[in-house]
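Engineer: here is a sequence with its predicted model. Questions after.
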Amino acid sequence: MFNHRFIALAGVGALGGEFLRAALAVLVLIAVGCGKKEQPTVDATHAPENAAPVISNTPPSFEVDAEKLLAARLPIEETRAGWVRLFDGHTLFGWQIAAPANWRIEDEAIKVDAGDVGLLCTSVPWQDFELRLEIKADEKTNSGIFLRTPLTPEDPATDCYEVNIAPADNPFPTGGLVKRLRSDADLKLDPEAWHLYELRLVGDRLTVSINGQQVLDYTDPLPLAPGRIGLQHNAGAVAFRDIRIRPIGLEKLITDDLANWTAYPDMAGKFEIVEDGLLRVTDGRGQLESKKSYDDFVLFAEAKTMSENLNSGIFFRCIPGETMNGYECQINHAVKEGNPLAPADCGTGGIFRRSDARIVAASDREWFTMMLVTNRAQVAAWVNGLQVTDWKDTRPADPNPRKGLRLEAGTLMIQAHDPTTDLLFKSLDVMPLAKPTQADPVPGA
């Protein structure tokens with residue numbers, strides 16, 4: 001059982017690891033420094049009865065203990081299929097608020113019912129995917145699920161897809177695609193019940209099902225580029241929970257002949273295909289480098305460390321041919337003093353020397369999955385379905401990632417760290433992302 005607790009901000013990963021380390025240091029002193037019983041804390045997501053709603057676009061703070069956060073991980077069978085959580089049930093980590101509204105969390109659901117019209121958006125874009133979530137909305141509520149959207153869309157007819165949540169008298173009632181296609185499905189949705197929405201967007205085709213009934217099938221003659229997932233506050237009360245996504249279209253890079261990779265036999269590390277098509281990484285320092293280069297992408301990997309406190313990583317946007325000169329998504333499950341909120345060495349899914357994982361969500365000698373999404377300066381990572389990193393590289397642009405923000409395409413590298421290295425990769429798949437229609441500004445540009 002974990003008693004460790006932390007305070008999280010929506011998008012705290014974008015602030016880098018220094019803030020998190022400082023906050024953890026203070027919390028450790030409070031929690032264990034004097035050995036006293038933990039004092040009651042105020043839940044910032046709940047307002048006193050009859051209090052005025054908090055209207056803000058500043059992310060609220062949340063207190064969560066490690067046990068609850070780790071319980072939000074998905075079963076390995078689901079993560080192997082590519083599913084990750086966009087919402088952990090306790091914080092708004094990985095989300096950005098576009099307009100002042102009283103976005104909050106109650107009973108492991110995101111709720112809103114007052115403030116300006118606007119979106120709560122993922123920090124990174126998504127291209128082709130399946131999205132599953134549960135929604136509860138008042139009868140007169142007007143809201144929506146936005147796909148391939150910028151943070152602040154201007155016209156759902158041209159710059160995003162808005163799957164509407166709206167009454168029957170709306171020009172586009174629930175299930176319709178605003179300004180594109182009306183849904184004529186006969187829906188009778190209980191406003192007191194949760195309803196399952198399943199959306200699939202691949203290339204030019206979007207399908208939507210509600211409670212297992214298909215309500216929309218739309219093909220866009222001018223399909224949109226990748227964009228964020230957005231939840232809308234417009235009018236009335238709405239709640240969202242159990243939000244999951246599975247990217248579609250990743251290319252398998254680990255094959256029996258390792259034809260997609262360049263080996264470096266003069267280095268000590270060994271990379272061999274063993275029984276069942278697994279890639280085994282052993283021995284001293286070394287690297288296996290992809291032959292293709294990628295700038296923005298979705299990457300999925302499944303791996304297992306074969307002994308305790310092993311160190312490895314997946315490097316990306318590397319300068320081709322150089323020795324691991326790129327960003328590193330760390331593989332290291334070690335923690336300090338048994339605290340999953342205190343990685344001993346960046347933590348699995350953290351960006352080494354840039355942003356520690358907010359929690360270590362994997363264990364040695366067990367298969368784990370890791371998903372990595374990069375979009376220009378923004379990097380997000382999930383381990384076992386739980387988002388652990390949401391970081392923005394705010395350094396001035398530089399072709400050398402050790403010196404600054406590298407936006408140029410670069411190779412991927414699997415790292416053999418040292419003579420103790422021994423891990424297996426079951427898969428490493430990747431999908432390049434096209435450029436979003438509306439890109440975030442580059443730091444220092």
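Structural biologist: Cool, got the structure.
Engineer: can you pull the contacts of Ile229?
Structural biologist: Listed by Cβ atoms under 8 Å, 6 or more residues apart in numbering, the contact set of Ile229 reads Leu86, Cys121, Thr122, Trp126, Leu131, Ile145, Phe146, Leu147, Thr149, Ile245. The way it works is simple: take the backbone N, C-alpha and C, and place the C-beta from them, glycine included.
Engineer: which SSE is it in?
Structural biologist: Using DSSP states H and E, Ile229 sits within strand 228-233.
Engineer: what mean pLDDT does that strand get?
Structural biologist: Mean pLDDT, computed over strand 228-233, is 98.
Engineer: okay, now the sheet partners of that strand, with direction.
Structural biologist: Using DSSP bridges, the strands paired with strand 228-233 are strand 118-122 (antiparallel), strand 143-149 (antiparallel).
Engineer: would you mind pulling up the elements that the strand ranked longest in the chain packs against?
Structural biologist: Identified as the longest strand of the chain according to DSSP state E is strand 421-432. When contacts are defined as 3 or more Cβ pairs under 8 Å, 6 or more residues apart in numbering; DSSP states H and E, strand 421-432 sits against strand 251-252, strand 279-283, strand 297-305, strand 312-318, strand 410-416.
Engineer: quick one: contacts of it?
Structural biologist: For strand 421-432, the external contacting residues (Cβ under 8 Å, 6+ apart) are 127-128, 247, 249-254, 269, 274, 278-284, 294-307, 310-312, 314, 331, 367, 412, 414.
Engineer: and it, how far out from the chain's middle?
Structural biologist: On the basis of Cα atoms, centre = their mean, to the nearest Å, strand 421-432 is displaced by 18 Å from the centre of the chain it belongs to.
Engineer: before we move on, what about stretch 252-268?
Structural biologist: Mean-position distance between stretch 252-268 and its chain equals 28 Å (Cα atoms, centre = their mean).
Engineer: for that stretch, how far is the first residue from the last?
Structural biologist: Start-to-end span of stretch 252-268 (Cα to Cα, to the nearest Å) is 26 Å.
Engineer: same question, stretch 70-86
Structural biologist: Terminal residues of stretch 70-86 lie 14 Å apart, using Cα to Cα.
Engineer: residues making contact with it?
Structural biologist: If you take Cβ under 8 Å, 6+ apart as the criterion, stretch 70-86 is touched by 2, 88-90, 94-95, 122, 229, 243-248, 250, 300, 302, 340, 359, 361, 367-369, 371, 382-387.
Engineer: same thing but 6 Å
Structural biologist: Contact with stretch 70-86 is made by 88-89, 243-246, 361, 369, 371, 382, 384-386, as judged by Cβ atoms under 6 Å, 6 or more residues apart in numbering.
Engineer: sort out for me which of these are in strands.
Structural biologist: Reading strands off the contacts of stretch 70-86 with DSSP E, I get Ile243, Arg244, Ile245, Arg246, Thr369, Met371, Trp382, Leu386.
Engineer: separation between the second one and Ser363?
Structural biologist: Relative to Ser363, Arg244 is positioned 22 Å away (Cβ to Cβ, to the nearest Å).
Engineer: before we move on, what about the first one?
Structural biologist: Computed with Cβ to Cβ, the distance linking Ile243 and Ser363 is 25 Å.
Engineer: now do Arg406
Structural biologist: Separation of Arg406 from Ser363 (Cβ to Cβ) stands at 32 Å.
Engineer: which one's more surrounded, these two?
Structural biologist: Set side by side, Arg406 and Ser363 show more neighbours around Arg406, with 24 against 15, by other Cβ atoms under 10 Å.
Engineer: report the buried residues of the one helix or strand Glu77 maps to.
Structural biologist: Using DSSP H and E, Glu77 sits within helix 76-80. For helix 76-80, burial by neighbour count (16 or more other Cβ atoms under 10 Å) applies to Glu78, Thr79.
Engineer: and stretch 413-427, by the same measure?
Structural biologist: Buried-residue list, stretch 413-427, by 16+ other Cβ under 10 Å: Met413, Ile414, Gln415, Ala416, His417, Thr421, Asp422, Leu423, Leu424, Phe425, Lys426, Ser427.
Engineer: contact partners for the nearest residue to Asp429 once chain neighbours are set aside?
Structural biologist: Computed as Cβ to Cβ, 6 or more residues apart in numbering, the closest residue to Asp429 that is not its neighbour in sequence is Leu250, at 3.8 Å. Counting by Cβ under 6 Å, 6+ apart, Leu250 touches Phe300, Asp429, Met431.
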